[in-house]
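S.K.: Model the structure of this input:
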Amino acid sequence: MSEPGPGGIARGLLRSLDRAALGTVMRPDTPEAGSPYASLVLVAVDHDASPLLLISTLADHTKNLAANPVVSLLFDGTVGLDEPLTGPRVSVQGRAAKTDNEQLKARFVARHPGSAMYAGFKDFAFWRVSVSRAHLVAGFGKIHWLPADEILYRPVAEALRDAETGILEHMNSEHADAVQLYATKLLGREGDGWIMTGVDPEGADLRRGGTVLRLPFVKPVTDAEQARVELVRLVKQARAA
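M.R.: Numbers count the residues shown, from 1 in each chain. All right, here's what the predicted structure looks like:
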């Protein structure tokens with residue numbers, strides 16, 4: 001598999017991380033009006049890698065968004081490195097808007113199972129970020145400003161999106177052993193209880209407690225059958241390992 005370009009690296013960070021620093025602009029009715037405000041948020045992404053948020057209407061960042069929807073999200077891929085500045089990170093810029101799309105809600109809750117406790121509360125809402133561009137630092141001297149078309153995955157495979165919930169239920173109930181093999185044999189992690197939390201054209205997402213993993217596909221898939229073929233190939237590879 002060829003090395004990804006800057007857009008692929010940026011999208012890989014969005015897909016592989018489950019939290020980000022959210023930057024908003026302080027609203028006019030505060031003493032700090034117009035100043036930047038940073039906060040930690042949980043994130044998932046749509047199939048095209050557009051960020052998804054579930055945030056409380058009582059939070060300052062949500063009140064800021066109601067007045068000014070522009071955002072910046074920092075996805076930090078440097079955790080655990082001895083020299084963090086040698087690692088990748090990407091700052092995504094865009095505009096956030098509330099969404100009632102049930103598929104997006106399900107995708108977020110699958111990514112963050114604990115959010116199911118409060119996802120239906122009246123003082124919480126889902127938001128989708130329309131990406132305009134991003135600033136990628138992939139290491140020393142590897143710095144790029146990227147337009148949305150280089151970051152996002154298009155076109156979205158609607159057949160795969162529609163089948164995703166069924167694929168996850170099937171893999172986690174009927175093939176939990178395969179999910180375990182993906183994590184331990186292909187991705188080098190230990191422990192039992194890994195679950196699959198997402199499937200998109202470029203790969204699958206796994207989770208165990210507070211740890212998330214990204215399982216890349218060799219080539220893009222567009223529907224349930226193609227996803228099945230790739231997941232079978234990967235489990236055979238894992239068993240051979």
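S.K.: what about residue 34, which SS state?
M.R.: Three-state assignment for residue 34 (DSSP: H, G, I helix; E, B strand; the rest coil): coil.
S.K.: ok, now how distant is it from residue 70?
M.R.: Distance, residue 34 to residue 70, by Cβ to Cβ, to the nearest Å: 12 Å. Every C-beta, even on glycine, is put in place using the N, C-alpha and C of the backbone.
S.K.: Among the two, which residue is more densely surrounded?
M.R.: A side-by-side neighbour count of residue 34 and residue 70, using other Cβ atoms under 10 Å, places residue 70 first with 14 against 10.
S.K.: In space, what's closest to that one - neighbours in sequence excluded?
M.R.: In space, and not counting its chain neighbours, residue 70 is closest to residue 95: 5.7 Å by Cβ to Cβ, 6 or more residues apart in numbering.
S.K.: pull the longest strand from the protein.
M.R.: Longest strand of the chain, by residue count under DSSP state E: strand 124-137.
S.K.: right, and the helix or strand after that one?
M.R.: On the C-terminal side of strand 124-137, the closest following helix or strand by DSSP states H and E is strand 143-147.
S.K.: before we move on, the earlier item: find me the pLDDT at the residue nearest to residue 70, would you?
M.R.: Residue 95 carries a pLDDT value of 98.
S.K.: Next, it: phi, psi?
M.R.: When quoted as degrees, to the nearest 10, the phi and psi of residue 95 stand at phi -130, psi 140.
S.K.: Is the residue lying farthest from the centre of the chain in a helix, a strand, or coil?
M.R.: For the chain, the residue at maximal distance from the C-alpha centroid (Cα atoms, centre = their mean) is residue 31, at 33.7 Å. Secondary structure, three-state DSSP: residue 31 is coil.
S.K.: Report the buried residues of stretch 47-57.
M.R.: 47-55 (16 or more other Cβ atoms under 10 Å).
S.K.: can those go into JSON lines with extra columns for distance to residue 160, secondary structure and pLDDT?
M.R.: Shown next, in JSON lines, are those (distance: Cβ to Cβ, whole Å; DSSP: H, G, I helix; E, B strand; the rest coil; pLDDT from 0 to 100):
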{"residue": "47", "distance to residue 160": "7", "secondary structure": "coil", "pLDDT": "98"}
{"residue": "48", "distance to residue 160": "12", "secondary structure": "coil", "pLDDT": "98"}
{"residue": "49", "distance to residue 160": "14", "secondary structure": "coil", "pLDDT": "98"}
{"residue": "50", "distance to residue 160": "16", "secondary structure": "coil", "pLDDT": "98"}
{"residue": "51", "distance to residue 160": "19", "secondary structure": "strand", "pLDDT": "98"}
{"residue": "52", "distance to residue 160": "17", "secondary structure": "strand", "pLDDT": "98"}
{"residue": "53", "distance to residue 160": "23", "secondary structure": "strand", "pLDDT": "98"}
{"residue": "54", "distance to residue 160": "23", "secondary structure": "strand", "pLDDT": "98"}
{"residue": "55", "distance to residue 160": "27", "secondary structure": "strand", "pLDDT": "98"}
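S.K.: and whichever strand or helix holds residue 167, how far out from the chain's middle?
M.R.: Per DSSP H and E: residue 167 is located in helix 158-174. Centroid separation for helix 158-174 versus its chain: 17 Å, with Cα atoms, centre = their mean, to the nearest Å.
S.K.: swap in stretch 173-193?
M.R.: Centroid separation for stretch 173-193 versus its chain: 20 Å, with Cα atoms, centre = their mean.
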